[in-house]
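>>> I'll drop the sequence and a predicted model, then ask my questions.
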Amino acid sequence: MKYNWQLPDWANFTFDETAIDSIVVNFALETGELKGLVDSLSNETRKETILQFMISEAIKTSEIEGEFFSRQDVMSSIKKNLGHNDHFLKIRNKEAQGIGKLMVTVRNSFTEKLTEKAIKQWHGILMEYSKYISAGEYRMGTEAMQIVSGTFGKEKIHFEALPSDNVPFEISNFIKWYNKFELNPENVKNALIKTSISHLYFESIHPFEDGNGRIGRAIAEKCLSESLNRPVLMSLSSTIEKNKKQYYDSLKQAQRSLEITDWIIYFSKLILESQKNAKQIVLFTLSKTKFIDQFKRQMNERQIKAVLTMFESGHTGFEGGMTVMKYLSITKTSRATATRDLQDLTEKNIFIPRGEGRNRRYDLNLLA
């Protein structure tokens, strides 16, 4: 079985564009609805929402590669690179600083023409604090670049990238293809097709020793934003991370052929799902804003702290609901005060109780 770059007509991808017609319709509806929702947010809430999506993308694109950064470090890095003057911007893990800076750089430069210099710059930012990787430099040497899983002696090769000597030539061709593929912002189908191919094409070249996945997903974000003529508000990596196996299996299959209809269907569905998730998050943000505005004058400082902690869990909800023990942990108050506070929140219709005795739980009444 040959890899795509070993085939005679390499990089001349073929596909049936009608296969994503229904996805295109749904994506156009979702992205239109999301834009309307975002436009309805206050300026401050919109900035905070954008920040949260960037944090999620930075964390999840790293987790896909097995790197785990604290939310605080990533948030501090992104805020620092956005020019926020918060006093707490101390970043303990320097590598988190790299992914945070990359997110801001990609978002701020989405209208700029993609160049080889930009791709190397992104890698240089990402790997600036890596001890073992030449930041901003293509891989070198004669040893094959292989994507491998399994224990020593039982390795399974998923993909072998083209030789290191070919990388500069292939990246040059990739850049030419990318910039020649011009789009009308109204043409949603071509936006999905170009984004799907750009990620696959880049990953197949695999130009760096490490960081190819993160740079490849950054290219996909830039491509989609550039194609739609506005920065996308979604986290592709959050969707990928939910089912990494499907992502890697789809990529592996696509890298064995130049007929990539199945890959374009998969990646377009991934974009659509990410957009739907983003809409739910923005709807949740609107609910949160309305909820706080409605009830903040009816709550004491302890209650507000507990409610905000519940909201931090996002649109998926505060797992297990609020309990007396959780309330004690969050507010550092006495059991008697916690019980009184929770009863008060229930009477004011801010919390909805469920269960009895030790199984008593409280959920936010978002329909109030």
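Looks like it came in fine.

>>> buried set for the helix or strand harbouring residue 124?
Assigned by DSSP states H and E, residue 124 falls within helix 116-126. Neighbour counts over helix 116-126 (16 or more other Cβ atoms under 10 Å) mark 118-123, 125-126 as buried. Glycine gets a C-beta too; all of them are placed from N, C-alpha and C.

>>> quick one: the strands in the chain?
With strands called from DSSP state E, the chain shows them at 146-149, 156-160, 351-354, 361-364.

>>> closest to residue 294 out of the ones you listed?
strand 361-364 (11.7 Å; Cβ to Cβ).

>>> Give me the buried positions along that closest one.
361-362, 364.

>>> counting contacts, what elements does the helix or strand of the chain with the lowest mean pLDDT pack onto?
Across the helices and strands of the chain, mean confidence by mean pLDDT, DSSP states H and E is lowest for strand 146-149: a mean of 77. Packing contacts for strand 146-149, counted by 3 or more Cβ pairs under 8 Å, 6 or more residues apart in numbering; DSSP states H and E, involve strand 156-160.

>>> can you pull the contacts of the closest residue to residue 114 other than its chain neighbours?
Distances taken as Cβ to Cβ, 6 or more residues apart in numbering put residue 178 closest to residue 114, at 5.2 Å, once the chain neighbours are dropped. Contacts for residue 178 (Cβ atoms under 8 Å, 6 or more residues apart in numbering) come out as 114, 194, 198, 223.

>>> same thing but at 10 Å, please
Contacts for residue 178 were tallied using Cβ atoms under 10 Å, 6 or more residues apart in numbering; they are 113-115, 194, 197-198, 201-202, 219, 222-223, 226.

>>> Equivalent analysis for residue 263, please.
13, 15, 196-197, 199-200, 250-251, 253-255, 257.

>>> Out of these, the closest to residue 31 would be?
For these, the nearest to residue 31 is residue 196 (15.9 Å; Cβ to Cβ).

>>> There's contact between residue 9 and residue 2 in this structure, I believe.
No - Residue 9 lies out of contact with residue 2 (Cβ atoms under 10 Å); the separation is 11.8 Å.

>>> any common contacting residues for these two?
Common neighbours of residue 9 and residue 2 (Cβ under 10 Å, 6+ apart) do not exist.

>>> got a list of what the nearest residue to residue 273 once chain neighbours are set aside touches?
Once flanking residues are discounted, residue 273 sits nearest to residue 239: 5.1 Å by Cβ to Cβ, 6+ apart. Going by Cβ under 10 Å, 6+ apart, residue 239 touches 60, 247, 269-278.

>>> Could you do residue 132 as well?
Per Cβ under 10 Å, 6+ apart, neighbours of residue 132: 209-210.

>>> From residue 95, how far out is it?
Taking Cβ to Cβ, to the nearest Å as the measure, residue 132 falls 12 Å from residue 95.

>>> So residue 364 is in contact with residue 307, correct?
Yes - using Cβ under 10 Å, residue 364 is in contact with residue 307, at 6.9 Å.

>>> So for those two, which residues contact both of them?
By Cβ under 10 Å, 6+ apart, the residues touching both residue 364 and residue 307 are 288, 291, 295, 318, 322, 345, 350-351.

>>> ok so, going back, will you turn the buried residues of helix 116-126 into a markdown table that also has pLDDT and distance to residue 28?
Formatted as a markdown table, those follow (pLDDT from 0 to 100; distance: Cβ to Cβ, whole Å):
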| residue | pLDDT | distance to residue 28 |
| --- | --- | --- |
| 118 | 98 | 29 |
| 119 | 98 | 30 |
| 120 | 98 | 35 |
| 121 | 98 | 33 |
| 122 | 98 | 29 |
| 123 | 98 | 33 |
| 125 | 96 | 33 |
| 126 | 96 | 32 |
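
>>> Format those residues as CSV; extra columns: distance to residue 140.
Putting the buried residues of helix 116-126 into CSV (distance: Cβ to Cβ, whole Å) gives the following:
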residue, distance to residue 140
118, 21
119, 16
120, 14
121, 19
122, 19
123, 14
125, 20
126, 18
